[in-house]
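> Pasting the sequence and the predicted model now:
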Amino acid sequence: MINKFDSVLLAQKKFIYHYKNMRWAKGRHETYLCFVVKRRVGPNSLSFDFGHLRNRSGCHVELLFLRYLEAGALCPGLWGYGTPDSVGLCYSVTWFCSWSPCSDCSYRLAQFLSQTPNLRLRIYVSRLYFCDLEDSSAREGLRMLQRAGVQITVMNYEDYFYCWQTFVACRQRVFKAWDGLHQNSVQLARKLKDILQPGEAEDWRDAFELLGL
């Protein structure tokens, strides 16, 4: 656990409130980001840190995480890529976000990743941020992240269960799915697939129209 961040485990009610995957998440203006960092040097050694962050002082949580990376508070040696001491050094970062990144954060993340080839990022999201319109900048931002090598996935029951056990003060209480969790996850996953593979989705829609479906 990284004590200098928001290292106190999330309260159960706070986790459910911010991560509940409803379509209309009224009043949820903050983004929470639970993270796991894995460090590998050579083929065998592996260690990890974990914690959670949220928006602070108008700074989106994704950019706040990048600030910690740039300051060396996470992933030590990341910027030494290519030096003798960093041979075989790589990091794998996994985020579990209550909202998907906005277009500006996506752009900044893609830029950062282009400068750090020894860093891999995977993002799980509970909800999609401003992605209803087909020509929204947020959608293009997600496609930009995918082109930068980021794996983006909608959270399902197993992911919520993992977060509950890892980041929440659950006091041995078993995670209980809320009504609609599975259905909403499936719908959001389909929507994300349409966003990340727009050409394929359009081909299917054209085929359905030709068949009169």
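Received it, and whenever you're ready, just let me know what you need.

> who are the neighbours in contact with the residue nearest the centre of the chain?
Nearest to the mean C-alpha position of the chain, counting by C-alpha atoms, centre = their mean, stands residue 123 at 2.8 Å. Shown in contact with residue 123 (C-beta atoms under 8 Å, 6 or more residues apart in numbering): 94-95, 97, 100-101, 145, 150-153. C-beta here means a position set from N, CA and C on the backbone, and glycine is covered the same way.

> Return a PyMOL selection command for the buried portion of those.
Remark: buried members of those, expressed as a PyMOL selection using 16 or more other C-beta atoms under 10 Å:
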select buried, resi 94+95+97+100+101+145+150+152
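
> Which ones among the contacts of residue 123 map onto helices?
residue 145 (DSSP state H).

> nearest to residue 192, of the contacts of residue 123?
Of all the contacts of residue 123, residue 152 has the smallest distance to residue 192: 6.7 Å, by C-beta to C-beta.

> Wait, the closest one touches residue 192, no?
Yes: judged on C-beta atoms under 8 Å, residue 152 makes contact with residue 192 at a distance of 6.7 Å.

> okay, and the common contacts of these two?
125, 142.

> measure stretch 129-144 end to end?
Start-to-end span of stretch 129-144 (C-alpha to C-alpha, to the nearest Å) is 15 Å.

> Pull the residues that contact it.
99-107, 110, 128, 152, 191-192, 195-196, 198.

> Give me the buried positions along stretch 57-66.
60-62, 64-66.

> All the helices of this structure, in order from the start?
12-19, 61-70, 103-115, 137-147, 157-167, 181-196, 198-210.

> same question for the longest one, mean pLDDT?
Helix 181-196 shows a mean pLDDT of 97.

> ditto for the fifth one
In this model, helix 157-167 has an average pLDDT of 98.

> And it, how far out from the chain middle?
In terms of C-alpha atoms, centre = their mean, to the nearest Å, the centre of helix 157-167 is found 14 Å from the chain centre.

> That one to helix 12-19, inter-axis angle?
140 degrees (axes from the mean of the first three to the mean of the last three C-alpha atoms, to 10 degrees).

> What lies in contact with helix 157-167?
So helix 157-167 is in contact with 9-10, 15, 19, 34, 36, 50-52, 96, 124, 153, 155, 170, 175, 177, 181-182, 185, going by C-beta under 8 Å, 6+ apart.

> What of the third one?
Residues lying outside helix 103-115 but in contact with it, judged by C-beta under 8 Å, 6+ apart, are 60, 62-63, 66, 69, 101, 119, 121, 136-138, 140-142, 144-145, 147-150.
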